[in-house]
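Student: structure for this input, please:
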Amino acid sequence: MGLFGILLGLALLMWLAYRGWSILMMAPLAALVAAAISGEPLLAHWTQTFMSGAARFVAQWFPMFLLGGLFGKLMDDSGSIKSIARFLTERLGTHRTLLAVVLASAVVTYGGVSVFVAFFVLVPMADEMFRAANIPRRLMPATIGLGAFTFTMSVMPGTPSVNNAIPMPYFGTTTFAAPGLGIIASIIIFAFGMWWLARAEAAARRAGEGYVASAELDRTVDDRTREQAAATGGFDPAEIDHGKRSAGEPPFILALLPLIVVITVNFLMALFVLPRLDFSFLAEQRWGGVTIGAVAGVWAVVLALAAAILTVIIVNYRRLPSLRETLDAGANSSAVPILMIASLVGFGAVVGALPAFATVRDAVLDVPGGPLVSIIVSMNVLAGLTGTASGGMAIALNALGSDFMRLSAEYGIAPELMHRLTTISAGTLDALPHNGTVLLLLQISKLTHGESYLDMVMTVIVSVIISLAVVVVLASIFGSF
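Tutor: The predicted structure follows:
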């Protein structure tokens, strides 16, 4: 009965989330259903197990969510995102429209801007370019998705995204884990995605299909999509129109400067500065009894985002009509996403505490092929079921992180490889039709699954699966690099 309770609770959570019910409310309910069928004490699991798991996640990740929200909103209101996107699209021209949109999407998101903030700038700009190049609008989501939430979210070394950060405390790694494998995987994703888009564009032209105007684009997001989108990223779409935007745009170099600061400071802090400082005091119990290796990755990203925020404000101070309103909106944008993911972690904590979970754990860890296959399977399954890479990773690592680390030591597998396989694996099936990022991008683009989802499958799912297969082969031969 305990195993049935776990499966029923998970099914209930996924079904209700897909129907648009808030995860904040449904995650504890699903956890209590699983606990009740297992004959476990309900109130104890809610207040002691669920809340403890959720609170640990908030305590660990709130600084990063907060700073990420502030940075994204500042980049939006200052006109920096628009300046970067406009520069790249103008330089590459309409004859390279697909490449221009992919690169513009990749640059801003690799630099730390939330995909949700980027969407509201990139979609109208892409629409203009697709009209000028006479490319069918239905290819817009696949094009933006390739640049915005594939290799820049979880594959490229150094990306400061939440997806790339969550494995760090479990494996003692940084965002630059297994850089060689990450770069190779990114090239594969980019190359395959561009090949597919070029093929789709050519097929459309042969069929006489071109740009057809649709309903006027706007920034309105319905409540259901907002709920589903907030659970997949670090920015609440409801805050996108709060604050005040600049009437102008900074020059391209000044707009790009904060993104350069993010990557540079993250790199220096993670690999050179923090490891060389004396943090022996962290071993004291009042600091959690941790080592610098367990927190250096998180600290590096936090410092990088803080430095980038100061850079945006200094460079664009005169362009920000109301700095306080912008900062308020950015801060508020982080609250709902982190609480939603924390609720998923709380659900996972309750499931992990049930006696029947031992059966699930043994089944996952005993998958033929060793820990590499185990981590790939678990991340794919949970990311697909939850519709969120970060939520799926958080649930799996909270329940099995110590087991994966133990197995990696037993098999002689570098933690950096475990980190990179975790992030790539979670970034595959998370983009199924119920994923909030997919839903938000389609809604902003005024397109439907029927019109655009097949091309999205190829550019944001199949491309990542191919890269994952190549990484596994390379890692099996050469190890982590």
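
Student: and G210, which of the three is it?
Tutor: Secondary structure state of G210, per DSSP: H, G, I helix; E, B strand; the rest coil, is coil.

Student: quick one: the helices in the stretch 301-450 of the chain, in order.
Tutor: With helices called from DSSP state H, counting those that start in this stretch, the stretch 301-450 of the chain shows them at 323-333, 335-353, 357-365, 371-386, 389-410, 415-426, 436-445, 449-456.

Student: go through these and pick out the most buried.
Tutor: Highest mean neighbour count of the helices of the stretch 301-450 of the chain: helix 415-426, a mean of 28 (counted as mean count of other C-beta atoms under 10 Å). Glycine gets a C-beta too; all of them are placed from N, C-alpha and C.

Student: how much space between the closest residue to S408 other than its chain neighbours and P141?
Tutor: Leaving aside its sequence neighbours, S408 sits nearest to M418 (C-beta to C-beta, 6 or more residues apart in numbering; 5.1 Å). Per C-beta to C-beta, to the nearest Å, M418 is found 32 Å from P141.

Student: now do A475
Tutor: 31 Å.

Student: which strands and helices sit next to the lowest-mean-pLDDT helix or strand in the chain?
Tutor: Least confident helix or strand of the chain, by mean pLDDT, DSSP states H and E, is helix 223-230 with a mean of 77. Where contact means 3 or more C-beta pairs under 8 Å, 6 or more residues apart in numbering; DSSP states H and E, helix 223-230 is packed against helix 335-353, helix 436-445.

Student: could you dump those helices to TSV with distance to V117?
Tutor: As requested, the helices and strands packed on helix 223-230 are exported to TSV (distance: least, C-beta to C-beta, whole Å):
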stretch	distance to V117
helix 335-353	12
helix 436-445	11
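
Student: contacts for stretch 365-384, please.
Tutor: Residues outside stretch 365-384 that contact it (C-beta atoms under 8 Å, 6 or more residues apart in numbering): 364, 389, 391-393, 395-396, 400, 403-404, 407-408, 411, 413, 417-418, 421-422, 425-430, 432, 468, 472, 475-476.

Student: if you set the cut-off to 6 Å instead, what comes out?
Tutor: Contact with stretch 365-384 is made by 364, 389, 392, 395-396, 403-404, 407-408, 411, 421-422, 425-426, 428-430, 432, as judged by C-beta atoms under 6 Å, 6 or more residues apart in numbering.

Student: just the CA trace of it, in PDB.
Tutor: This file holds the C-alpha atoms of stretch 365-384, laid out as PDB (Å, rounded to 0.1, in the frame of the first residue of the first chain):
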ATOM      1  CA  LEU A 365      20.000   2.700  -7.800                       C
ATOM      2  CA  ASP A 366      20.000  -0.800  -9.100                       C
ATOM      3  CA  VAL A 367      19.200   0.200 -12.700                       C
ATOM      4  CA  PRO A 368      21.600  -1.700 -15.000                       C
ATOM      5  CA  GLY A 369      24.500   0.400 -16.100                       C
ATOM      6  CA  GLY A 370      25.600   1.900 -12.800                       C
ATOM      7  CA  PRO A 371      25.200   5.300 -11.300                       C
ATOM      8  CA  LEU A 372      25.500   7.200 -14.600                       C
ATOM      9  CA  VAL A 373      22.400   5.400 -16.000                       C
ATOM     10  CA  SER A 374      20.600   5.700 -12.600                       C
ATOM     11  CA  ILE A 375      21.000   9.500 -12.500                       C
ATOM     12  CA  ILE A 376      20.000   9.900 -16.100                       C
ATOM     13  CA  VAL A 377      16.800   7.800 -15.700                       C
ATOM     14  CA  SER A 378      15.800   9.500 -12.400                       C
ATOM     15  CA  MET A 379      16.300  13.000 -13.700                       C
ATOM     16  CA  ASN A 380      14.500  12.400 -17.000                       C
ATOM     17  CA  VAL A 381      11.500  10.800 -15.300                       C
ATOM     18  CA  LEU A 382      11.100  13.300 -12.500                       C
ATOM     19  CA  ALA A 383      11.700  16.300 -14.800                       C
ATOM     20  CA  GLY A 384       9.100  14.900 -17.300                       C
END
